[in-house]
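Q: Output the structure for:
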Amino acid sequence: MQNTENNLYINRGNIINIKSEILCREAEDDFFYFNNINAAYKKLNESVKLTPNHIKSIILLADVSFIKGYIRKSLKLFNKAEQMGCHSAKIYASIANCNNVLGNYSEALKNCNKAIERINFENFIIYSQVVEMKINILIQQKQYKKAYITFIKAQNILDKNSLKSIYNISYELLNKKINVHNRLMQSHLKIV
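A: Below is the predicted model of the structure:
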């Protein structure tokens, strides 16, 4: 017998339209297996329209939007997912990536740090990507010492294969910039 008098246990905000779930799963197939990004994008937009709080559809739509080049839409969707309570390393890394592409480096750096704080064994695979992004942002902001310190910390955590890509891209540039900065400090010359 169903209790029809007490509806307090039903959270109507989390009810998901079954059509949204079906569309999301079809979009996953289109995106991951059939490489049909446009079909996935269309289905995910419809899914989010039917159920605006379907977190799985929102995150996948944000990923697909980023790939299609709709960076601002992707950022908006990732921020929505974060506001809905999804505080994972992947969400913060994705927000950082969107901000990085848009040139919002201070926001990107803040979200890189949030992502690094939340990385654990299950999502450790994104660590090297987030660290590389953080180093590149710090170089872009001419914070070479912080970038070098970040690289050294990553060196202690990552394996040699993961570190190799960061080393090839960032370490030589960092080393040159720090050496130039040190020579300028030792020469007591002022740049006008």
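
Q: okay, CA-based contacts and neighbour counts for the rest of this
A: Noted.

Q: Pick out the least confidently modelled helix or strand of the protein, by mean pLDDT.
A: In the chain, no helix or strand scores lower on mean pLDDT, DSSP states H and E than helix 160-166, which sits at a mean of 57.

Q: Pull out the buried positions in the helix or strand where Tyr41 lies.
A: Assigned by DSSP states H and E, Tyr41 belongs to helix 37-50. Neighbour-count burial for helix 37-50 flags 37, 40-41, 43-48, 50 (criterion: 16 or more other Cα atoms under 10 Å).

Q: Out of those residues, which is nearest to Asp30?
A: Closest approach to Asp30 among these (Cα to Cα): Ala40, at 5.5 Å.

Q: Quick check, pLDDT for the closest one.
A: pLDDT, Ala40: 96.

Q: again, but for Ala62
A: Ala62 carries a pLDDT value of 97.

Q: Near it, how many residues? Count them for me, please.
A: 28 (other Cα atoms under 10 Å).

Q: mind listing what it touches?
A: Under the criterion of Cα atoms under 8 Å, 6 or more residues apart in numbering, the neighbours of Ala62 are 73-75, 77-78.

Q: Contacts for the helix holding Tyr41 next, please.
A: Defining contact as Cα under 8 Å, 6+ apart, one finds that helix 37-50 is touched by 17, 19-21, 23-24, 26-28, 30-31, 54, 57-58, 60-61, 64-65, 68.

Q: let's see it at 10 Å
A: 16-32, 34, 51-65, 67-68 (Cα atoms under 10 Å, 6 or more residues apart in numbering).

Q: just stretch 99-106 next, same as before
A: 71-72, 75, 93-94, 96-98, 107-109, 111-112, 133-134, 136-138, 140-141.

Q: Using PyMOL, make a named selection holding only the buried ones among those residues.
A: Entered in PyMOL, the line below selects the buried ones among the contacts of stretch 99-106, by 16+ other Cα under 10 Å:
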select buried, resi 71+72+75+93+94+96+97+98+108+109+111+112+133+134+136+137+138
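
Q: Which ones among the contacts of stretch 99-106 lie within helices?
A: Counting by DSSP state H, the contacts of stretch 99-106 place 71-72, 75, 93-94, 96-98, 107-109, 111-112, 133-134, 136-138, 140 in helices.
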